[in-house]
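Visitor: below are the sequence and a predicted model for it; my questions follow.
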Amino acid sequence: MNVLLIYPKFPDTFWSFNYALNFIRKKAAYPPLGLLTVAAMLPDEFQRRLVDVNVDGLTDDDLAWADVAFIGAMAVQRDSAKQIIARCKATGLKVVAGGPLFTAEPDAFEEVDHLILDEAELTLPSFLGDLKNGDLKKIYRASGFCDLYHTPPPSWDLIDMKKYASMSIQFSRGCPFNCDFCNVTVLFGHRPRLKSAQQVIAELDRIYDAGWRSNIFFVDDNFIGNKRYLKARLLPALIDWRQDKKGCVFFTEASINLADDTELQHLMVKAGFDAVFIGIESPNDASLAECQKVQNKNRDLIHDVKTLQRAGLEVQGGFIVGFDSDTPSTFQQLIDFIQKSGIVTAMVGLLQAPPGTRLFDRLKKDNRLLGMKISGDNVDGTTNINPKMGLDQLMNGYRSIMRHIYSPKHYYRRVKVFLKEFGNSKVDTPIDFQRFLAFFRSGVRLGIVGKERFHFWYLMAWTLVRKPRLLPLAVTLAIYGHHFRRICETHIL
Ligand code: B12
Ligand code: SF4
């Protein structure tokens, strides 16, 4: 059986980094970890080929080679997924689909032959059993969640790593918190399920042995969901692993209570983490109470961010506007917060209600949903909620935030606020030829052609004098700023 695994295209979004990838001549930011993991679960006698449409074209030859197409996607890839399914069906290929898009919206994909939903660890074996017996069903679902001890290492041999900016690895799934707009707990549960430290090290070895030396993203919903295991087992193992390795800086997602635990911060930095994405959502306590983000309430969030930055962790922040408790002053409050905190990568989105969440159920009951579906990207200026303050006022406020924080003047000012605070990373990443060229290209594109040229050179000069070791980071952040500005200009403003 020839299985063609296909990963649909991401549109230009905040997280696609499309406009930044060009500087380092990469095609995509992250590999399709879900499909690579599913590929590793297929029986040895199956032939596999993977086409990530973000980095390679899907050719007629690929389709002719295949007996079946396996498609995996998240909501934001919906349009591309629909097109690919139609193309496969037109050539007579059977289509199997799974992953978050199909798990959340199975009814929207009547044309798919077999929907293998939820975690493939639980549903793929039944499909494979039925395939053998010639008795396939339309839908495979699971109740409950798998344990990750038997999840195989992803089949890295199916992709060309050089085309990606970062590699990905997953240690845990699930999150102990309960924010009402979030579908992580619906999809992955409350109890963090973990891989063992040995599994993680074995996966890292494979990536390292394949020649990878650049960034590695721990794609956990909340990396610090089980602090005890982290401190006792995983982080010591990572520190040990790093002893004889080069590069491979880690980054991940975590909750703000990381700021309360100095030991955990230091272990993470020693293990090679230099950035964390944190859902901060709002500086407004009433809005945090409304969405039940209790872990962020009654804290000095700016102090928390600075604590993490000083420890050596860049904080990237997720923010939301459109809560019922938000008022017209919330917009300026959020701008001030972001500027003061030095959160350079600030993902500000409109509140959306994904189906399956408590927020969705509440608003549906109150007849406040504008549609059942969400775009899948909450930074594209759309929402399926009728906001209390009115859509026009919300959109005007939202645009004012994005215009302000991504204008060259305020963006570069924020980078400086951050670099002043940032403790040095413990990992030296070798400066390869591409990084050197990226510096050169940014000098031309941002420093000569770009509107931000004055701010760009001022930041470079300041960093060179005050924090010379952070110059590569300053260049990277300048390139990110270019991407975020282009996304704002083309999608939001
Ligand atoms: C890494 C990640 C990203 C990366 C994407 C990397 C990439 N190239 O895929 C980045 C940072 C770019 C990203 C961005 C976004 N993300 Co994201 N992301 C994740 C995260 C944390 C991990 C994904 C992952 O690699 N998991 C590990 C693999 C092994 O799991 P998996 O992909 O789910 O695959 C398993 C099953 O789904 C299934 N499966 C998957 N594919 C297939 C295919 C077949 C054929 C079969 C049978 C089974 C199957 O089997 C696998 C093994 O169990 C998930 C949360 C999570 N825990 O999964 C959110 C998640 C996928 N993201 C989500 C969202 C909403 C977003 C954003 C829209 C956020 C935003 N507001 O901007 C953006 C949109 C993307 C974009 N480019 O703009 C949602 C998607 C919800 C949905 N219904 O689609 C998730 C589920 C988080 C959540 N809130 O619930 N994200
Ligand atoms: S902390 Fe993050 S992942 Fe956990 S429930 Fe809240 S928003 Fe979701």
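Guide: Yep, it's here. Ligands and ions are numbered 1, 2, ... in the order given.

Visitor: close enough to count as contact, Ile85 and Val95?
Guide: Yes. Judged on Cβ atoms under 8 Å, Ile85 makes contact with Val95 at a distance of 5.4 Å. (C-beta placed from N, C-alpha, C; glycine too.)

Visitor: looking at this structure, which helix or strand is least sure?
Guide: Within the chain, no helix or strand scores below helix 433-444, which has a mean of 86 by mean pLDDT, DSSP states H and E.

Visitor: before we move on, the earlier item: overlap of the contact sets of Ile85 and Val95?
Guide: Between them, Ile85 and Val95 share these contacting residues under Cβ atoms under 8 Å, 6 or more residues apart in numbering: Ile71, Glu111, Val112.

Visitor: mark which of those are buried, thanks.
Guide: Buried members of the shared contacts of Ile85 and Val95, counted by 16 or more other Cβ atoms under 10 Å: Ile71, Val112.

Visitor: show only the entries of the shared contacts of Ile85 and Val95 found in strands.
Guide: The strands, defined by DSSP state E, take in Ile71 from the shared contacts of Ile85 and Val95.

Visitor: so which of the shared contacts of Ile85 and Val95 comes closest to His150?
Guide: For the shared contacts of Ile85 and Val95, the closest approach to His150 (Cβ to Cβ) belongs to Ile71, at 23.9 Å.

Visitor: bridged to the closest one, which residues?
Guide: Note on Ile71: beta-bridge partners by DSSP bridges are Ile6, Ala97.

Visitor: go ahead and confirm it touches Ile85.
Guide: Yes. Ile71 lies in contact with Ile85 (Cβ under 8 Å); the separation is 6.5 Å.

Visitor: near ligand 1 at all, the helix of greatest length in the chain?
Guide: Longest helix in the chain, counting residues (DSSP state H): helix 471-487. No. Judged by Cβ under 6 Å from any ligand atom, helix 471-487 stays clear of ligand 1, getting no closer than 9.5 Å.

Visitor: name the residues of that helix that are buried.
Guide: 473-485, 487.

Visitor: go on, stretch 329-336?
Guide: By 16+ other Cβ under 10 Å, the buried positions in stretch 329-336 come out as Thr330, Phe331, Leu334, Ile335.

Visitor: list the contacts of it.
Guide: Contacts to stretch 329-336, defined as Cβ under 8 Å, 6+ apart, come from residues 282-284, 287, 319, 321, 348, 397-398, 400-401, 404-405.

Visitor: and what of stretch 250-264?
Guide: Contact partners of stretch 250-264, identified using Cβ under 8 Å, 6+ apart, comprise 175, 177, 215-224, 227, 230-231, 235, 238, 265, 268, 271-280, 295-296, 299, 301, 303-305, 307-308, 311, 313.

Visitor: do that again at 7 Å, thanks
Guide: Contacts with stretch 250-264, where a contact means Cβ atoms under 7 Å, 6 or more residues apart in numbering, come from 177, 215-218, 220-224, 227, 230-231, 265, 271-278, 280, 295-296, 299, 301, 304, 307-308.

Visitor: quick check on those: which are buried?
Guide: Buried among those by 16+ other Cβ under 10 Å: 177, 215-218, 220-224, 227, 230-231, 265, 271-278, 280, 295-296, 301, 304, 307-308.

Visitor: follow-up on the earlier one: same for the longest helix of the chain, what does it pack against?
Guide: Identification of packing neighbours for helix 471-487 by 3 or more Cβ pairs under 7 Å, 6 or more residues apart in numbering; DSSP states H and E yields helix 18-21, helix 408-421, helix 433-444, helix 453-466.

Visitor: again, only this time at 6 Å
Guide: Contacts defined by 3 or more Cβ pairs under 6 Å, 6 or more residues apart in numbering; DSSP states H and E place helix 471-487 against helix 18-21, helix 433-444, helix 453-466.

Visitor: could you give the number of residues near the closest residue to ligand 2 within the stretch 1-150 of the chain?
Guide: Residue of the stretch 1-150 of the chain nearest ligand 2, by Cβ to the nearest ligand atom: Pro100 (13.5 Å). Neighbourhood size, Pro100 [other Cβ atoms under 10 Å]: 21.

Visitor: give the closest residue to it in space, chain neighbours not counted.
Guide: With Cβ to Cβ, 6 or more residues apart in numbering as the criterion, Pro100 has its nearest non-adjacent residue at 4.6 Å, and that residue is Met74.

Visitor: for that neighbour, give me the pLDDT.
Guide: pLDDT, Met74: 95.

Visitor: so what touches stretch 483-492?
Guide: Phe14, Phe17, Tyr19, Ala20, Asp380, Gly381, Met402, Tyr406 (Cβ atoms under 6 Å, 6 or more residues apart in numbering).

Visitor: switch to 8 Å and redo it
Guide: With contacts defined as Cβ under 8 Å, 6+ apart, stretch 483-492 is touched by 12-14, 17-20, 345, 379-381, 398-399, 402-403, 406-408, 411.

Visitor: which of the contacts of stretch 329-336 are buried, as a ChimeraX select command?
Guide: Selecting only the buried entries of the contacts of stretch 329-336 in ChimeraX, with 16+ other Cβ under 10 Å as the criterion:
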select :282,283,284,287,319,321,348,397,398,401,404,405
